[in-house]
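In: With the sequence up front, the predicted model follows.
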Amino acid sequence: MKLNKVIALIRTESIPEVNIVLRKALRTDLGQLNRMKRNALQSEGTVSKLERKYRIVEKGIDVVHEEVQQRLVAIGAKLERYDNRTEQYRQNRLFESNQKKLFEELDGVERETVVPDAEESTRFWSDIWDKPIGGYKTTYIEVTKLKKQVRKLPNWKSPEPDGVQGYWIKNLSNLHGSIVHQLDRCLQENHVPVWMVTGKTVLCERIGERKRSQGRRDGGCGGILAEELYEHLEQANILPWEQKGYRKGSRGTKDQLLIDKMTMRNCKKRLTSLAVAWIAYSKAYDKVLHTIDSRAVSIVRYGAGIIKWTKNELEELDRKTRELMTIYGAHHPKADVDRLYLNKCDGGRGLIGGEDCVQAEVNSLDKYLGASEENMLKEVSLSSTLENNK
């Protein structure tokens, strides 16, 4: 290949494209060199070209053949590193935008994309929401409730169809009274302007019910009304204590794991048989992304307080972390290790060590269990079920 052609490729194409072209040319030359070694290359012009290009008379055919092979291996390794790095960048961006899709890709799961029927979905939800229901308690929205909800709005996120960003709704507090008046009017007149309910509605499919509109849930709900409903359910003691997923301030799965661990440890200590029954198992997990669970179990903080970590295991974890940081250029091999774990405000790097991570989570769980009013969690707190609790 001529030098000016390579320079033109470098100017117009990316480096991987140049390497691909070079690899193709080297493969061609390697094939011709193989034929030349066997005295099977008949073209005198090709022989003369190879001799001038690789100085075969000076180096020898065997040395030139080995050099071309090594160059091919080097270019192949460079292209492989580039492909791996490109894939890593793509996965990092996908993790930020769509974690579920990334984990499905890693597990090789291909999901069928089902587009719901618009008319069927509209008909199904109209049968539910368009029918008037009597006997309910009248709810009035107050300014304090509105202020509590608008604090949760992100400041500069893309605005809703009204075009007003969250920053202005938060800080133009003189308008909160007018907003409350308009919302109360919508509730009392049972009429909402079309622009207020215009937006994106996410229909979340249930397992096994992909083609039915009944198998999808409406993702939209007003924050203030949701707060009122939750307070009503709490005051009426309607929420079952064993359901943790929608309880505020609950640790969810960790609560259940700690209760299970306490029960199993108690039975083992007293040599008592234990019978376990699962009720609506698939229903309980139909909204859980199991690919995330399978990876979350390996995270130190997730298992802290439930899994007993030894000091040697945590030290080995920190050592492996520093080794990977050194390999990828994030930590100099001769840099001070203690500074790596100092807070950034103290001049450190702010990395959280394995032992500190476990102990912080255990302390948080211990405080959570001590303040809980639930009977089973009180028993967990008294039974010293937490691991690594100092």
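Out: Everything's here; your move.

In: May I ask which helix or strand encompasses the residue lying closest to residue 372 once chain neighbours are set aside?
Out: Spatially, and ignoring its direct neighbours in sequence, residue 372 is nearest to residue 378 (6.4 Å; C-beta to C-beta, 6 or more residues apart in numbering). In short, each C-beta sits where N, CA and C put it, glycine included. Applying DSSP states H and E as the criterion places residue 378 in helix 375-382.

In: In the stretch 51-200 of the chain, what residue spans correspond to helices?
Out: According to DSSP state H, counting those that start in this stretch, the stretch 51-200 of the chain carries its helices in the segments 56-59, 61-97, 99-107, 118-129, 143-150, 166-171, 176-189.

In: and residue 92, how far is that from residue 99?
Out: From residue 92 across to residue 99, the span is 11 Å (C-beta to C-beta, to the nearest Å).

In: neighbour-wise, which of those two wins?
Out: The residue with the greater number of neighbours, taking residue 92 and residue 99 and applying other C-beta atoms under 10 Å, is residue 99; the counts read 13 against 10.

In: re earlier: pipe the helices of the stretch 51-200 of the chain into CSV and attach mean pLDDT and distance to residue 311 per row.
Out: Below are the helices of the stretch 51-200 of the chain laid out as CSV (pLDDT from 0 to 100; distance: least, C-beta to C-beta, whole Å):
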stretch, mean pLDDT, distance to residue 311
helix 56-59, 84, 59
helix 61-97, 86, 32
helix 99-107, 81, 32
helix 118-129, 77, 56
helix 143-150, 84, 45
helix 166-171, 87, 46
helix 176-189, 84, 54
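
In: any weak-confidence spans in the protein?
Out: Along the chain, segments meeting pLDDT under 70 span 1-16, 18, 111-113, 129-139, 197-222, 278-299, 388, 390.

In: Would you map out the domains in it?
Out: The chain is divided into the following domains under automatic domain parsing: 3-97, 118-235, 253-382.

In: what helices or strands is the helix holding residue 378 leaning on?
Out: For helix 375-382, the helices and strands in contact under the criterion 3 or more C-beta pairs under 8 Å, 6 or more residues apart in numbering; DSSP states H and E are helix 253-270, helix 354-371.

In: Distance from that helix to the middle of the chain?
Out: Averaging C-alpha positions (C-alpha atoms, centre = their mean, to the nearest Å) puts helix 375-382 32 Å from its chain's average.

In: Then stretch 72-92?
Out: 23 Å.

In: What are the contacting residues of it?
Out: Residues from elsewhere that reach stretch 72-92 (C-beta atoms under 8 Å, 6 or more residues apart in numbering): 15-16, 19-20, 22-23, 26-27, 30, 102, 105.

In: In helices, which of those fall?
Out: Among the contacts of stretch 72-92, the members falling in helices are 15-16, 19-20, 22-23, 26-27, 30, 102, 105 (criterion: DSSP state H).

In: Residue 119: neighbouring residues, count only.
Out: Other residues close to residue 119 by other C-beta under 10 Å number 9.

In: ok, now residue 29?
Out: Using other C-beta under 10 Å, residue 29 has 22 other residues around it.

In: Excluding chain neighbours, what is closest to it?
Out: Ranked by C-beta to C-beta, 6+ apart and with sequence neighbours excluded, the top spatial neighbour of residue 29 is residue 68, at 5.9 Å.

In: And for that neighbour, the neighbour number?
Out: When counting by other C-beta under 10 Å, one arrives at 20 neighbours for residue 68.

In: so who does it touch?
Out: Counting by C-beta under 8 Å, 6+ apart, residue 68 makes contact with 26, 29-30, 33, 54.

In: what separates it from residue 245, distance-wise?
Out: Between residue 68 and residue 245 the distance is 63 Å, computed by C-beta to C-beta.

In: what's stretch 259-275 in contact with?
Out: By C-beta under 8 Å, 6+ apart, stretch 259-275 touches 306, 376-377, 379-380, 383, 385.
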